[in-house]
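Asker: below is the sequence, then the predicted model.
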Amino acid sequence: MTADSSNPTATDPQIAKCWEDHVEAHNAVDINAMAATYTDDCFICHYNVATGEKKVFSGIEGKMAFSEEHLNSLKMKDGTPTTNINVKNYFNGNTLFNQWNIKSDNYSYKDGADTFVFGGPDKLITHHYQWYFGTKLVESFGTPKECFVAHHNFVVAGDVTGVVNTFAEDCVISFFNTATNTRVEAKGHEEAAKLYTAFLKLIGGKEVATAKGSEGGDNFNGDTAYFAYEIKGAGITKANDVFCFSGSPDNKIKTLWTCYAGPAFAM
């Protein structure tokens, strides 16, 4: 058995035709055409690992609802479908497993995995199980506090894409480590992604605990916020963040100053 047993094409011509129609509908964000690739008694289940949310769709109404929800998430701001798609197919008999990553202006799907089962007289999709790490991307937040809460939740979840989405595109981020007397700085989304990829790897899913004396209070004063915390499992103590939202019409983080004592990390 080889390490990669990829078979991108189905051997059954009916399954191959169904999958071809499914892919064309998917890439064209055609809701009716995509729903037509499922049987009328289909079962669809998808699970978002990032949020722990599970949804189940079934039957005629279900396949329409799933197609609408999924395809709308693939649209760019101008309504056109995203082209940022990477899919690998593995067919075996009447089943298909694929691994994929997709990103649009509305949503980021990372490490997605689907299992499809084809059946019925026309060999359409009878079962579809979808598993992915998903992040809903937003153009703006209603308030700075809403952004602050989202930022914290994404950090805890280890979601780099979500964290970066809480920053303004021209953001400035500065991490100063008092233990090593070193500073790491990032400007803009591209550098922010590199910084948080390294920082969240350092955290490694360890508990982020509010520091003593900072519990239960309102961290906001105007368009700035303060948060004191520690991540003992990662060796981070005496940590505090100051968020500035001033100058961001989208209520996203414009500037973040972080001061902590702990291990160094490199971007």
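Answerer: The structure has been received and is ready for your questions. Residues are numbered from 1 along each chain as shown.
Asker: who does the closest residue to residue 95 other than its chain neighbours form a beta bridge with?
Answerer: Nearest residue to residue 95, sequence neighbours excluded (CB to CB, 6 or more residues apart in numbering): residue 117, at 5.5 Å. C-beta here means a position set from N, CA and C on the backbone, and glycine is covered the same way. With beta bridges defined as DSSP bridges, residue 117 has these partners: residue 95, residue 127.
Asker: SS state for residue 60?
Answerer: Three-state assignment for residue 60 (DSSP: H, G, I helix; E, B strand; the rest coil): helix.
Asker: find the nearest non-adjacent residue to it, please.
Answerer: Using CB to CB, 6+ apart, the closest residue to residue 60 is residue 40 (5.1 Å).
Asker: does residue 137 touch residue 109 like I think?
Answerer: No - counting by CB atoms under 8 Å, residue 137 stays clear of residue 109, with 10.9 Å between them.
Asker: list the buried residues of the helix or strand hosting residue 149.
Answerer: Using DSSP states H and E, residue 149 sits within helix 144-157. For helix 144-157, a neighbour-count test (16 or more other CB atoms under 10 Å) marks 144, 147-148, 150-152, 154-155, 157 as buried.
Asker: circling back: who has more neighbours out of residue 137 and residue 109?
Answerer: Between residue 137 and residue 109, counted using other CB atoms under 10 Å, residue 109 has the larger neighbour count: 23 against 15.
Asker: bridging residues for that one?
Answerer: residue 102, residue 134.
Asker: domain map for the protein?
Answerer: 13-136, 144-261 (automatic domain parsing).
Asker: and the residue nearest to residue 60, that one's in a strand?
Answerer: Yes - remark: residue 40 belongs to a strand, assigned using three-state DSSP.
Asker: can you tell me the element residue 86 falls in?
Answerer: Counting by DSSP H and E, residue 86 is part of strand 85-92.
Asker: tell me which of the buried residues of helix 144-157 is nearest to residue 170?
Answerer: Using CB to CB, residue 147 comes nearest to residue 170 of these, at 15.4 Å.
Asker: these two touch, right, the closest one and residue 245?
Answerer: Yes - with contact defined as CB under 8 Å, residue 147 counts as touching residue 245 (7.1 Å).
Asker: give me the common contacts of those two.
Answerer: Both residue 147 and residue 245 are in contact with 251-253, where contact means CB atoms under 8 Å, 6 or more residues apart in numbering.
Asker: for those, which one is nearest residue 198?
Answerer: Nearest to residue 198 among the shared contacts of residue 147 and residue 245, with distances taken as CB to CB, is residue 253, at 18.1 Å.
Asker: the closest one pairs with what?
Answerer: residue 167.
Asker: how close does it sit to residue 37?
Answerer: 41 Å (CB to CB, to the nearest Å).
Asker: residue 34 should be in a helix, yeah?
Answerer: Yes - with three-state DSSP as the criterion, residue 34 is located in a helix.
Asker: surely it meets residue 67?
Answerer: Yes - between residue 34 and residue 67 there is a contact under CB under 8 Å: 4.3 Å.
Asker: what residues are shared contacts of those two?
Answerer: By CB under 8 Å, 6+ apart, the residues touching both residue 34 and residue 67 are residue 25.
Asker: what's the first-to-last distance across stretch 23-41?
Answerer: End-to-end distance of stretch 23-41: 21 Å, with CA to CA, to the nearest Å as the criterion.
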